[in-house]
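Engineer: Sequence and predicted structure, then a few things I'm wondering about:
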Amino acid sequence: MESIWQNTELPHFPPLWGDIHTDVLIIGGGMAGLCCAHTLQQAGVSCVVAEGGRLAGGTTGNTTAKITAQHGLCYDKLLRRFGTEGAQTYLQANLSAISEFASLAEEIDCDFTRADHTVYARSGMQLLETELAALEKLGYSAVFREKLPLPFPTAGGICFPDQAQFHPLKFLAGLTADLTIYENTPVLQLEPHLAITEKGKIHFSRAIVATHFPLLNKHGLYFLKLYQQRSYAVSLEGLPPLDGMYLEENGLSLRQSGSALILGGGGHRTGKRGGGYPALEAAVQRYFPDGTITNRWAAQDCMTLDGLPYVGQYSKHTPWLYVATGFQKWGMTNSMVAAQLLTALVLDKPHPCKDLLSPRRPMLRPQLAVNGWESAVNLLAPGLHRCTHMGCRLNWNPQEHSWDCPCHGSRFSRSGQVLNNPAVKPLPAFRRREPRDKK
Ligand SMILES: Cc1cc2nc3c(=O)[nH]c(=O)nc-3n(C[C@H](O)[C@H](O)[C@H](O)COP(=O)(O)OP(=O)(O)OC[C@H]3O[C@@H](n4cnc5c(N)ncnc54)[C@H](O)[C@@H]3O)c2cc1C
């Protein structure tokens, strides 16, 4: 089933036919790619977007579209990993991104509304207290709220006032107005200053990879530095409106959109077992028995090793190439931050996040061992169905009837078509046998 946003018709753009030249090529037309294109264009840089399918057909079309700088209980972790300056820089960049969305929404009709965002705990105050102390150190006035308007008991929550929410596709439809975009134009091959598509070549000075999972394996070690996490959402009608947006770390996410309540959760590493729709449906039955589910959808996002996105030069050996990825389910504000940072890099200007978000920062983190282990085990494991990205064994996903890769998160339909990158090639025909669904 489609997400609640996908009944909004985005403008259509033709595929590329022939050869063109541009200053900056942006590969991928999701939130990251289109924010980059808009920001570059505003700065006077000529750019084009090449989108492999339809605009916002990837994770962006399946987001919950909260615009907040409160990315779970992240600030205590960031403070310990990157010091006060690093954590403050991230916080400020994401708060500024909210203001940028607010200012753009004055011109774009996208259901933008201001709302508080609260991270709550079901029980136990310790994590909340530690996070509050970290925020105090960073000079940010978060508010502790003891009583929350949620249909289950909580120990309270940390509230970031005056955050925002919107309709992501209406926003992107507005953003595309003055952009040069080619849809159904996947970049098949990327070389220095040249991208090859099915029916044309794009000559560029620099390119930005905004393809969700980066498309080049040869550089940057993204296959070790990223994994994907799948999440589920449902929208419910027939309930009283919920004031504000809410999130429990590894638990339920809630926000209102018009008359619908959007409930998210059930997340797990792609290719592994996890809560999925059953966890969400159980929560609906228990806490929202009067609600009727109108839509249900699932999507995935790229997770990094240290809790910060990778935005900047793609790798040491590719000075002509940039990347924006690893948003860790916080890709609304982070796409805007990425757009501002990459525009500064293209213009050779300074930006406070340049070193902090650099994909070339030190990567020796425990998650690196987890990713390496997962890849080694699944590369060596026997099995007929193998991912066309790097050859890992695929696992059957009985809920979504797909073959999913636990290493890097590629997904294939029952008939072998690619549903999610980094894989680009379908499964070979002889491996497309219909599996029996096991629960
Ligand atoms: C269930 C869920 C809920 C979320 N909720 C929130 C939220 O409330 N707030 C928040 O801030 N973030 C949220 N996120 C995260 C956010 O939605 C994502 O981080 C963001 O949408 C990613 O945007 P993107 O542009 O990087 O990727 P995408 O939207 O996936 O765009 C990538 C595009 O690149 C194209 N592409 C791929 N390969 C090629 C190629 N070779 N050539 C050309 N084009 C190509 C694809 O077709 C696609 O359109 C959520 C994520 C999930 C999964």
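Structural biologist: Thanks, I have the structure now. Numbering: from 1, shown residues only.
Engineer: Look up which residues are beta-bridged to the closest residue to Leu226 other than its chain neighbours.
Structural biologist: Spatially, and ignoring its direct neighbours in sequence, Leu226 is nearest to Cys302 (4.8 Å; C-beta to C-beta, 6 or more residues apart in numbering). C-betas here are computed from N, CA, C, even on glycine. Judged by DSSP bridges, the bridge partners of Cys302 are Gln228.
Engineer: ok, Cys302 - contacts?
Structural biologist: Taking C-beta atoms under 8 Å, 6 or more residues apart in numbering, we find Cys302 in contact with His212, Phe213, Leu226, Tyr227, Gln228, Thr325, Gly326, Phe327, Gln328, Gly409.
Engineer: Pull the number of nearby residues for the residue of the stretch 51-200 of the chain found nearest the ligand.
Structural biologist: Nearest to the ligand, among the residues of the stretch 51-200 of the chain, is Gly58, at 2.4 Å (C-beta to the nearest ligand atom). Gly58: 26 surrounding residues under other C-beta atoms under 10 Å.
Engineer: try Thr113
Structural biologist: Thr113 has 12 nearby residues by other C-beta under 10 Å.
Engineer: Asn371: which element?
Structural biologist: Using DSSP states H and E, the element containing Asn371 is helix 366-380.
Engineer: Now do that helix: which elements does it pack against?
Structural biologist: Counting by 3 or more C-beta pairs under 8 Å, 6 or more residues apart in numbering; DSSP states H and E, the packing neighbours recorded for helix 366-380 are helix 222-225, strand 227-237.
Engineer: Looking at the ones you listed, which is nearest to Tyr182?
Structural biologist: Tyr182 lies closest to helix 222-225 among the helices and strands packed on helix 366-380, at 24.2 Å (C-beta to C-beta).
Engineer: other SSEs contacting that closest one?
Structural biologist: Taking 3+ C-beta pairs under 8 Å, 6+ apart as the contact cut, helix 222-225 packs with helix 366-380.
Engineer: Give the buried residues for the helix it packs on.
Structural biologist: Gln367, Asn371, Glu374, Ser375, Asn378 (16 or more other C-beta atoms under 10 Å).
Engineer: Show me which of the contacts of Cys302 is closest to Asp23.
Structural biologist: Looking across these and measuring by C-beta to C-beta, the closest to Asp23 is Thr325, at 21.8 Å.
Engineer: Tell me, what's the model's pLDDT at the closest one?
Structural biologist: pLDDT recorded at Thr325 is 98.
Engineer: Could you count how many residues lie near the residue nearest to Ala173 when sequence neighbours are not counted?
Structural biologist: Nearest residue to Ala173, sequence neighbours excluded (C-beta to C-beta, 6+ apart): Leu10, at 5.1 Å. Using other C-beta under 10 Å, Leu10 has 19 neighbouring residues.
Engineer: Report the spatially nearest residue to whichever residue of the stretch 201-350 of the chain sits closest to the ligand, omitting neighbours in sequence.
Structural biologist: Going by C-beta to the nearest ligand atom, the ligand is nearest to Gly331 of the stretch 201-350 of the chain, at 1.9 Å. Nearest residue to Gly331, sequence neighbours excluded (C-beta to C-beta, 6+ apart): Met31, at 5.7 Å.
Engineer: Before I go, just wanted to say thanks for your time.
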